[in-house]
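**Q** The following block contains a protein sequence and its predicted model.
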Amino acid sequence: MVRPFYTWEGDVLVLNILGTPNAKKDAIGKVKGHQLCVSVKAVPRAGKATDYMVRFLAEEFGVSVSDIQVVSGRMNINKVLRIKSPKVLPGVIGQQNLF
């Protein structure tokens, strides 16, 4: 059975992310296995790329930075994020799940 790359816990979106730091551009990519690929331009130093990714994703999902919690993977490319009440969903997730 294939694990999904995201789940809903009420109005909270839980995302499994495969991060790519030091990329040419910031982008939400395709799904790879049970993770969503997210690339950011930030250099991976002391969690700064993760902080940058959170700011990027906050804008993409239409939420404030404080609405995103890094559950695990702050210093790793494999991350789990919780996004409270996203206002916008990327096409890869699908609009049918928007609350």
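**A** Done, it's in.
**Q** In stretch 7-21, which residues are buried?
**A** Neighbour-count burial for stretch 7-21 flags Leu13, Val14, Leu15, Asn16, Ile17, Leu18, Gly19, Thr20, Pro21 (criterion: 16 or more other C-beta atoms under 10 Å). For glycine as for every other residue, the C-beta is placed from the backbone atoms N, C-alpha and C.
**Q** Now do that stretch: everything it contacts.
**A** 3, 5-6, 32-40, 42-44, 49-50, 53, 61, 71, 73, 77-86, 89, 93, 97, 99 (C-beta atoms under 8 Å, 6 or more residues apart in numbering).
**Q** if we go to 7 Å?
**A** Residues lying outside stretch 7-21 but in contact with it, judged by C-beta atoms under 7 Å, 6 or more residues apart in numbering, are 5-6, 32, 34-40, 42-44, 49, 53, 77-86, 97, 99.
**Q** Likewise for stretch 36-51?
**A** For stretch 36-51, the surrounding residues in contact (C-beta under 7 Å, 6+ apart) are 5, 15-23, 25-30, 52-53, 56, 70, 74-75, 79, 92.
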